[in-house]
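Novice: pasted the sequence and its predicted model underneath.
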Amino acid sequence: MLKRLFSLPFKNPLARSTPAINHQILPRDEHNISRRQISRAALKVMQRLGDGGYEAYLVGGGVRDLLLKDQPKDFDVATDATPEQVKQLFRNARIIGRRFKIVHVRFGREIIEVTTFRGHHHDASSSKHSARSEDGMLLRDNVYGDIQSDAIRRDFTVNALYYTLNKFSVHDFTNGMRDIQERKIRMIGKPETRYQEDPVRMLRAVRFAAKLNFDIERSTATPIGKMGPLLENIPAARLFEEVLKLFMGGYGVAVLKGLREYDLLQYLLPATDQALKQQLPYAEALFEQAAHNTDDRIQRDLRVTPAFIFAALLWPSVQSETRKLLDEGMPPVQASAEAAQNVISQQLQRTSIPKRFTQGMKEIWDLQHRLTRRQGKRAERIFEHPRFRAAYDFVLLREQAGEDLEGLGDWWTRYQDVDADERTRMSEKISGPGGGANRRRRRRRKPSGGNRGGNGSSSHNNSSQS
Ligand code: ATP
Ligand code: MG
């Protein structure tokens, strides 16, 4: 299928395992990308760069996903124009980033990311443009080059395909088309060196394998085992962004499996990793179910919030920490609050989490206890709490994971369905200070992970996780 129109041998000084670049051009009739699938904004950016005398290519996830007949999330453009030159062409452009300078061109709600072709580091005229840490990590990368040097600076071959409006062809310098066909995530260059430059590429390998349902090619996968600890050097803010991409992309179940397979969870979510390794009660089923429910909500275009996912991934640790503090003689309310704070503080060392989300996590956890205390006017008050929906979803999640909450989820599902009088009657029937369960409505739950039908409530699927 690949017709080689011409081949340009090109010495690549950085990556010894890719000695020569094999430039392949796929003409329009040999690939499935049509202009109609590309957003008007991206087309406009490419067109205007072209009119300005610059080269412009669609690159990265946009090209990859179109070749795989998926709908791209967004479109990235690569060009030989410098960020400053790009900015001059567009009124709506902003230069952002320091590690990598890029230009954001905004069209309404859509942002097109425009990057200037990267070059080789030995071309750097001064440390102003390029910098590395002692262990080889790239700190800055603003050395410009041409499309070929740009291609080999990218992470995986399937992410280094370029589509141009000039004859509508696809340019391939790294055998990316072959890997698309063979469904392989393959690092460009020497994997060890590339992971050293940027350890986040290990997470990206797992993420793309999960998202595309590809295998990670062997020499790309092998070093991950021993190089994982390099992720400890990544700033917490960047890891938070990565966690969001990993778990909020709609393929969290596969991501969780991949992170466990490569033992990378410990660098992102140490408490989650420990909960699995120590086999804390319901931990595995809860994480899988949380990932499944999130994927399902994304599929159905429902809202998801990081607060809910983090709340789930850290819940078994919060519970175990609470038990520990109770055993030390701390009063229950204080123990729960302190356990929540301890677990969050520990997590913040790895991933920064904005305050609004940690607040949300604490409220979801706190409401787990309060949702059981439903007698008298209490149910009404809890029902009006701004986090009621999320906390209720969390109860359903715990039950789906196999925890026996004595019918708590069903009770609240019914509470939302009936009128005010019936709600009063329901609350009156709850007895005892803890407000034990309404046993008449108790239903047997399937064992752990058994119920995979969404978030467990058919009539409340629009309940937001916010
Ligand atoms: P997604 O569907 O998640 O947007 P994507 O492939 O577009 O996937 P981005 O993170 O948006 O991924 O990055 C765009 C492109 O930039 C990638 O396809 C890749 O070519 C390049 N890139 C991004 N991050 C890195 C990195 N850490 N190292 C090397 N190249 C990278
Ligand atoms: Mg992208």
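Specialist: Arrived safely. Ligands and ions are numbered 1, 2, ... in the order given.
Novice: got the buried residues for stretch 43-57?
Specialist: L43, V45, M46, L49, Y54, E55, A56, Y57 (16 or more other Cβ atoms under 10 Å). From N, CA and C alone the C-beta is placed, and that goes for glycine too.
Novice: surely Q400 meets Q289?
Specialist: Yes. Between Q400 and Q289 a contact is recorded at 4.9 Å, counting by Cβ atoms under 8 Å.
Novice: ligand 1 contacts on this protein?
Specialist: G60, G61, K73, D74, D76, R154, D155, N159, A160, D198, V200, R201 (Cβ under 6 Å from any ligand atom).
Novice: and those residues, which of them are buried?
Specialist: Buried among the residues of the chain next to ligand 1 (16+ other Cβ under 10 Å): G60, G61, D76, R154, D155, N159, A160, D198, V200, R201.
Novice: out of the residues you listed, which are inside helices?
Specialist: Members of those lying in helices (criterion: DSSP state H): G61, V200, R201.
Novice: so what's the residue nearest to the last one when sequence neighbours are not counted up against?
Specialist: Counting by Cβ to Cβ, 6 or more residues apart in numbering, R201 lies nearest to D155, which is 5.1 Å off, once chain neighbours are set aside. Listed by Cβ atoms under 8 Å, 6 or more residues apart in numbering, the contact set of D155 reads M187, I188, R194, D198, R201, R204, A205.
Novice: same question, F90
Specialist: So F90 contacts V45, R48, V103, V105 (Cβ under 8 Å, 6+ apart).
Novice: would you map the helices across the stretch 51-200 of the chain?
Specialist: 61-67, 83-89, 147-153, 176-182, 191-197, 200-212 (DSSP state H, counting those that start in this stretch).
Novice: other SSEs contacting the fifth one?
Specialist: Looking back up the chat, that one is helix 191-197. If you count contacts as 3 or more Cβ pairs under 8 Å, 6 or more residues apart in numbering; DSSP states H and E, helix 191-197 packs onto helix 200-212, helix 224-227.
Novice: I309: which of these is closest?
Specialist: helix 200-212 (15.1 Å; Cβ to Cβ).
Novice: ok, which stretches of the stretch 201-350 of the chain are helices?
Specialist: 218-221, 224-227, 236-247, 252-261, 265-268, 270-277, 283-299, 306-327, 332-348.
Novice: for Q71, what are its contacts?
Specialist: Contacts for Q71 (Cβ under 8 Å, 6+ apart) come out as D65.
Novice: if we can go back for a sec, could I get the helices and strands packed on helix 191-197 as JSON lines with mean pLDDT and distance to A339?
Specialist: Formatted as JSON lines, these follow (pLDDT from 0 to 100; distance: least, Cβ to Cβ, whole Å):
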{"stretch": "helix 200-212", "mean pLDDT": "98", "distance to A339": "28"}
{"stretch": "helix 224-227", "mean pLDDT": "97", "distance to A339": "33"}
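Novice: quick one: closest of those helices to Q85.
Specialist: Nearest of the helices and strands packed on helix 191-197 (Cβ to Cβ): helix 200-212, 28.7 Å.
Novice: show me the contacts for the closest residue to D179 other than its chain neighbours.
Specialist: Distances taken as Cβ to Cβ, 6+ apart put T157 closest to D179, at 4.6 Å, once the chain neighbours are dropped. Residues near T157 by Cβ under 8 Å, 6+ apart: T174, N175, G176, R178, D179, K184, R186, M187, I188.
Novice: wait, doesn't the third one sit right on V158?
Specialist: Yes. The pair G176 and V158 passes the contact test of Cβ under 8 Å, sitting 5.2 Å apart.
Novice: give the residues shared as contacts by those two.
Specialist: Counting by Cβ under 8 Å, 6+ apart, the residues touching both G176 and V158 are R64.
Novice: which of those two has more residues huddled nearby?
Specialist: Neighbour totals were compared for G176 and V158, and V158 leads with 31 against 27 (other Cβ atoms under 10 Å).
Novice: can you pull the domain assignment for the chain?
Specialist: 6-182, 193-268, 284-429 (automatic domain parsing).
Novice: quick check: end-to-end length of the shortest one?
Specialist: Pointing back at domain 193-268 there. 22 Å (Cα to Cα, to the nearest Å).
Novice: which ones among the contacts of F90 map onto strands?
Specialist: V103, V105 (DSSP state E).
Novice: the contacts of F90: which two are farthest apart?
Specialist: Every pair of the contacts of F90 checked by Cβ to Cβ; the farthest is R48 and V103, at 12.4 Å.
Novice: can I assume P281 is in contact with W315?
Specialist: No. Applying Cβ under 8 Å, one finds P281 not in contact with W315, separated by 10.8 Å.
Novice: which of those two has more residues huddled nearby?
Specialist: Between P281 and W315, counted using other Cβ under 10 Å, the more crowded position is W315 (29 against 15).
Novice: with adjacent residues omitted, what lies nearest to that one?
Specialist: Nearest non-adjacent residue to W315 (Cβ to Cβ, 6+ apart): L286, at 6.5 Å.
Novice: what is the burial count for the one you found?
Specialist: 26.
Novice: surely it meets A311?
Specialist: No. The criterion here is Cβ under 8 Å, and L286 misses it with A311 at 10.5 Å.
Novice: tell me where the model's unsure across the stretch 251-400 of the chain.
Specialist: Residue ranges of the stretch 251-400 of the chain with pLDDT under 70: none are present.
Novice: let me know the pLDDT of whichever residue of the stretch 1-150 of the chain sits closest to ligand 1.
Specialist: Residue nearest to ligand 1 within the stretch 1-150 of the chain (Cβ to the nearest ligand atom): G61, separated by 2.4 Å. On pLDDT, G61 comes in at 97.
Novice: got the phi and psi for the residue lying closest to it once chain neighbours are set aside?
Specialist: In space, G61 comes closest to P72 once its chain neighbours are excluded; the distance is 5.8 Å by Cβ to Cβ, 6+ apart. Torsion angles at P72 (phi, psi; degrees, to the nearest 10) stand at phi -60, psi 150.
Novice: list the contacts of P72.
Specialist: P72 touches G61, G62, D65, L66, counting by Cβ under 8 Å, 6+ apart.
Novice: OK, contacts around the third one?
Specialist: For D65, the contacting residues are Q71, P72, K73, by Cβ under 8 Å, 6+ apart.
Novice: ditto for the last one
Specialist: Contacts for L66 were tallied using Cβ under 8 Å, 6+ apart; they are N32, I33, Q37, I38, P72, Y163.
Novice: many thanks, have a good one.
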